[in-house]
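Asks: Mind folding the following:
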Amino acid sequence: MRATSQPMSLKEYPHTPDGRYFVAAGKLWRCSDPRLTEAGRKALTKNLMAARRKMKEVQNNERQLKAAKRAVNAAKEALGERGPVWWDDGAPDQTTKAPQNSTYKDWWASLSDEERIRGYETGRG
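Replies: Purely as a prediction, here's the structure:
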């Protein structure tokens, strides 16, 4: 694991060659829709982080927690990380699959040991 307490940057995780997923905690996670503008992605990410903070703040209030969870989900859908896939070639969503058990198994096997180890590190919030 990392020697420091700093979370890994998203860029440090292995990314599939097609740019659809990165690997963290041994699973494929869908990347944001690359068609988003930089400003749009930043605004949606800001909304996502605010909703995640709200979830922590209201964890003892079930009604407010449900609303905060809906806000997290809405932000992730707007980013393209959940909901309908943002690509149009008919490839299925493989989010949360282990890369070695997915259509990316050959790519995963081709990575160095160091790259695969980075894919097992955590940091998703």
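Asks: Contacts only, for Asp89.
Replies: For Asp89, the contact set (CB atoms under 8 Å, 6 or more residues apart in numbering) is empty. The C-beta positions use only the backbone N, C-alpha and C, and glycine is treated the same way.
Asks: before we move on, which element is it in?
Replies: For Asp89, there is no host helix or strand (DSSP states H and E).
Asks: For Ser102, see how far away it is.
Replies: Asp89 is 16 Å from Ser102, where distance means CB to CB, to the nearest Å.
Asks: same deal with Ala71?
Replies: Counting by CB to CB - Ala71 and Ser102 are separated by 30 Å.
Asks: need the longest helix for the protein.
Replies: helix 38-57 (DSSP state H).
Asks: Flag the shaky bits of this protein, pLDDT-wise.
Replies: 1-11, 123-125 (pLDDT under 70).
Asks: so how far does stretch 101-111 reach from one end to the other?
Replies: Its first and final residues considered, stretch 101-111 spans 15 Å by CA to CA, to the nearest Å.
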